[in-house]
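>>> I'd like to go over a predicted model; first the sequence, then the structure.
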Amino acid sequence: MGRGGGRAWWSHAVFYQVYPRSFADSNGDGVGDLDGVVARLEYLTLLGVDAIWLNPVTVSPMADHGYDVADPRDVDPLFGGMAALERLIAGAHRHQIKITMDLVPNHTSSQHPWFQAALAAKPGSAARNRYIFRDGRGPGGSMPPNNWESVFGGPAWTRVTERDGTPGQWYLHLFDAAQPDLNWDNPEVFDDLEKTLRFWLERGVDGFRIDVAHGMAKPPGLPDMKAKGNRLLRHRDDDPRFNHAGVHAIHRHIRRIVDDYPGAVTIGEIWVDDNARWAEYLRPDELHLGFNFRLAKAEFDAHDIRDAVDNTLAAAAIEDAPPTWTLANHDVGREVTRYGGGAVGLQRARAMAMVMLALPGTAFLYNGQELGLSDVELPDEVLQDPTWERSGHTERGRDGCRVPIPWSGDAPPFGFSACSDTWLPMPPEWAAVTVEKQLRDPASTLSFFRRAVELRRTRAEFDGDRIDWLPAPREALIFRRGGGLICALNAGDRLLTLPDGELLLASTDLANGKLPPNAAAWLV
Ligand code: TEU
């Protein structure tokens with residue numbers, strides 16, 4: 001297949017994830033917003049990305065920064081309201097950038113009118129039946145209905161007070177207590193999601209990232225989970241809270257709606273390890289794309305990385321879906337830190353960006369990745385992720401990778417906002433890595449990303465759906481993309497002799513023609 005010819009745009013795109021609170025603040029309240037994104041579209045054009053994935057901007061009390069949705073068909077005033085989103089859709093399209101939104105079907109906010117009605121209604125009522133209410137166990141129903149834990153820590157059940165003032169039923173929330181799980185056995189729930197899908201698609205949105213796409217359906221009887229060995233913010237494949245077979249009917253439903261809008265894409269957040277189970281979500285009548293998090297979980301180790309690449313490709317191949325690649329997002333943290341931090345962490349992150357962008361399929365960049373940002377160590381008193389409270393202050397949560405982007409100037413808030421009191425504090429050291437400084441410096445990480453994305457988008461050597469591994473020393477990886485690109489990664493501590501070919505790009509200067517440790521090179 002030729003470049004772009006006949007293939008869906010999303011099958012080989014570079015997506016850029018905008019965490020709206022942290023991207024750019026247009027109104028000086030210290031929180032990023034949609035007009036901030038509009039003002040920076042030129043920047044995204046310079047970076048060369050094809051599409052934006054916007055974390056939730058719908059109406060929300062922000063208990064989980066937008067993943068607690070109180071009105072799925074309106075934009076929160078904090079982000080500029082509906083008019084600002086319309087400006088962003090139009091502006092992005094003028095820049096030939098697609099725009100995809102986050103869709104949160106597993107749960108709503110506890111402030112959603114449905115949940116408020118459920119609280120006011122009686123046990124067994126239609127209003128309660130939109131959520132998962134159960135009587136408690138034990139004397140007086142004083143114990144939760146089962147032993148499920150919230151992903152953020154603590155029990156996944158909260159007890160309500162009935163209208164007569166007595167302790168009442170419990171409701172399920174796999175995440176925060178302010179995020180009650182919807183009852184997907186109730187057809188009303190899908191009917192409402194259909195409205196939401198059509199609402200945004202009619203307004204020109206190019207698709208959705210589907211939150212907890214492996215959630216929604218719950219196993220009958222809500223059997224206990226194996227609580228032992230459970231870790232916060234992650235789960236295994238045998239966990240009854242997720243990946244119940246009933247979820248696939250929901251995805252088929254979603255697909256039927258989305259198919260009415262040619263070109264629109266669905267991208268599921270699928271935390272399922274087993275390749276065969278993961279691939280079920282990519283059947284031709286389900287999701288278009290699925291996040292595969294293996295690369296984000298791999299150590300900077302040649303064996304681990306190769307294993308992650310092979311499994312990601314194998315999983316996608318089961319249903320002939322495009323593979324997807326992620327090194328960082330607003331949940332898993334920044335890869336510079338994961339790879340050891342400091343100068344070495346950054347070198348490795350640049351090298352891995354080249355691996356990711358050399359692979360077939362779709363790549364996701366997380367805002368700030370192109371600047372080489374690392375996670376920020378924040379003081380206790382500014383932490384906002386519900387995980388911090390719910391874990392009894394044992395798990396710091398995800399705020400460290402959500403700090404606002406440094407745009408310009410020599411001191412916080414670095415052009416992010418007119419207000420110095422940004423929603424999370426920005427480290428003064430970021431003076432050295434602002435967009436302004438990096439745009440001017442041809443050796444910067446930003447200039448490196450721009451070049452890498454440009455090569456990926458313009459060179460025919462990046463064609464081809466397959467890769468072949470070439471012989472390499474144990475601590476290195478070398479693969480050839482169908483179109484002829486060769487990508488070499490040195491994850492060891494000795495210089496690597498590169499295969500013959502013309503050097504297109506290297507993540508660091510070569511040493512006498514050899515690739516230094518913690519570096520990657522592209523050759524043709
Ligand atoms: O994350 C879902 C989810 O399962 C994550 O908690 C995941 O297990 C963990 O972060 C892996 O490190 C999504 C959103 O991406 C997250 O930001 C929300 O908090 C969550 O859903 C609830 O909506």
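Noted; the coordinates are in hand. Keep in mind that this is a model prediction, so the values were computed, not measured.
>>> just confirm yes or no for whichever strand or helix holds R209 near the ligand.
Assigned by DSSP states H and E, R209 falls within strand 207-210. No. Strand 207-210 stays clear of the ligand (Cβ under 6 Å from any ligand atom), getting no nearer than 8.7 Å. Using the backbone N, CA and C atoms, a C-beta is placed for each residue, glycine as well.
>>> give me the sheet partners of that strand and which way each runs.
According to DSSP bridges, strand 207-210 forms sheet pairs with strand 98-103 (parallel), strand 265-269 (parallel).
>>> what comes into contact with it?
With Cβ atoms under 8 Å, 6 or more residues apart in numbering as the test, strand 207-210 has contacts from 10, 53, 98, 100-103, 105, 197, 200, 254, 258, 264-269, 287-288.
>>> and the closest residue to L446 other than its chain neighbours, what does it touch?
Excluding the flanking residues, the one nearest L446 by Cβ to Cβ, 6 or more residues apart in numbering is Q438, at 3.6 Å. Q438 sits next to 371, 444-447 when contact means Cβ under 8 Å, 6+ apart.
>>> distance check, Q438 against Q96.
23 Å (Cβ to Cβ, to the nearest Å).
>>> same check on F414?
Separation of F414 from Q96 (Cβ to Cβ): 28 Å.
>>> repeat that for Q111.
Applying Cβ to Cβ to Q111 and Q96 gives a distance of 37 Å.
>>> which one's more surrounded, F414 and Q96?
F414 (23 against 9; other Cβ atoms under 10 Å).
>>> contacting residues for the residue nearest to that one when sequence neighbours are not counted?
Closest residue to F414 apart from its sequence neighbours, by Cβ to Cβ, 6+ apart: P406 at 3.7 Å. Residues near P406 by Cβ under 8 Å, 6+ apart: 371, 412, 414-416, 426, 430-431, 433-435.
>>> which ones are touching the residue nearest in space to the middle of the chain?
The centroid of the chain falls nearest to N329 when counting by Cα atoms, centre = their mean (4.8 Å). By Cβ under 8 Å, 6+ apart, the contact list for N329 reads 17, 296, 364, 366, 401.
>>> how deep is the last one tucked in, by neighbour count?
Translated: C401. C401 - counted by other Cβ under 10 Å - has 25 other residues nearby.
>>> how near is it to the ligand?
From C401 across to the ligand, the span is 11 Å (Cβ to the nearest ligand atom, to the nearest Å).
>>> relative to D33, how far out is that residue?
Counting by Cβ to Cβ - C401 and D33 are separated by 20 Å.
>>> about what we covered before: show me which of the contacts of Q438 are buried.
Neighbour counting with 16 or more other Cβ atoms under 10 Å marks 371, 444-446 as buried within the contacts of Q438.
>>> cross these against strands and list the overlap.
Within the buried ones among the contacts of Q438, no residue falls in strands by DSSP state E.
>>> among those residues, which one sits closest to the ligand?
Comparing the buried ones among the contacts of Q438 against the ligand with Cβ to the nearest ligand atom picks out L371 as the nearest, at 21.3 Å.
>>> skipping its backbone neighbours, what lies nearest R390 in space?
Leaving aside its sequence neighbours, R390 sits nearest to G153 (Cβ to Cβ, 6+ apart; 3.8 Å).
>>> who's in contact with the one you found?
232, 387, 390-392, 394-395.
>>> got the residues you listed as JSON lines, with pLDDT, distance to the ligand and neighbour count columns?
Below are those laid out as JSON lines (pLDDT from 0 to 100; distance: Cβ to the nearest ligand atom, whole Å; neighbours: other Cβ atoms under 10 Å):
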{"residue": "L232", "pLDDT": "84", "distance to the ligand": "9", "neighbour count": "17"}
{"residue": "T387", "pLDDT": "96", "distance to the ligand": "8", "neighbour count": "25"}
{"residue": "R390", "pLDDT": "94", "distance to the ligand": "11", "neighbour count": "22"}
{"residue": "S391", "pLDDT": "93", "distance to the ligand": "13", "neighbour count": "18"}
{"residue": "G392", "pLDDT": "95", "distance to the ligand": "18", "neighbour count": "9"}
{"residue": "T394", "pLDDT": "94", "distance to the ligand": "16", "neighbour count": "10"}
{"residue": "E395", "pLDDT": "94", "distance to the ligand": "11", "neighbour count": "16"}
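>>> can I get those in a markdown table including secondary structure and distance to V355?
As requested, the contacts of G153 are exported to a markdown table (DSSP: H, G, I helix; E, B strand; the rest coil; distance: Cβ to Cβ, whole Å):
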| residue | secondary structure | distance to V355 |
| --- | --- | --- |
| L232 | coil | 29 |
| T387 | helix | 30 |
| R390 | helix | 35 |
| S391 | coil | 33 |
| G392 | coil | 38 |
| T394 | coil | 34 |
| E395 | coil | 30 |
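>>> ok, stretch 308-326 near the ligand or not?
No. Looking at stretch 308-326 against the ligand by Cβ under 6 Å from any ligand atom, there are no contacts, and the closest approach is 11.4 Å.
>>> now G333, nearest residue through space, not along the chain?
Residue nearest to G333 in three dimensions, not counting chain neighbours: C401, with 4.5 Å by Cβ to Cβ, 6+ apart.
>>> which residues are contacting stretch 28-39?
18-27, 52, 54, 57, 75, 78-80, 84-85, 87-88, 91, 404, 413, 416-419, 421-423.
>>> quick check: which element contains R450?
Applying DSSP H and E as the criterion places R450 in helix 445-458.
>>> quick one: list the elements packing against that helix.
In terms of contacts (3 or more Cβ pairs under 8 Å, 6 or more residues apart in numbering; DSSP states H and E), helix 445-458 is packed against strand 14-18, helix 41-47, helix 342-358, helix 435-440, strand 503-506.
>>> which sections of the stretch 201-350 of the chain are below the confidence cut-off?
Judged by pLDDT under 70, the stretch 201-350 of the chain has no weakly predicted residues.
>>> repeat the analysis, applying 80 as the threshold.
Confidence mapping of the stretch 201-350 of the chain against pLDDT under 80 gives the ranges 227-230.
>>> again with the stretch 1-150 of the chain
1-6.
>>> who in the stretch 51-200 of the chain is up against the ligand?
Near the ligand, when you scan the stretch 51-200 of the chain using Cβ under 6 Å from any ligand atom, you find 64, 67, 104, 151, 175.
>>> L496: what's it in contact with?
Each residue near L496 by Cβ under 8 Å, 6+ apart is listed here: 472-473, 476, 488, 490, 514-516.
>>> hmm, try it at 7 Å
473, 476, 488, 490, 514-515 (Cβ atoms under 7 Å, 6 or more residues apart in numbering).
>>> can you put the residues you listed in CSV and add secondary structure?
Formatted as CSV, the contacts of L496 follow (DSSP: H, G, I helix; E, B strand; the rest coil):
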residue, secondary structure
P473, coil
A476, strand
A488, strand
N490, strand
K514, strand
L515, strand
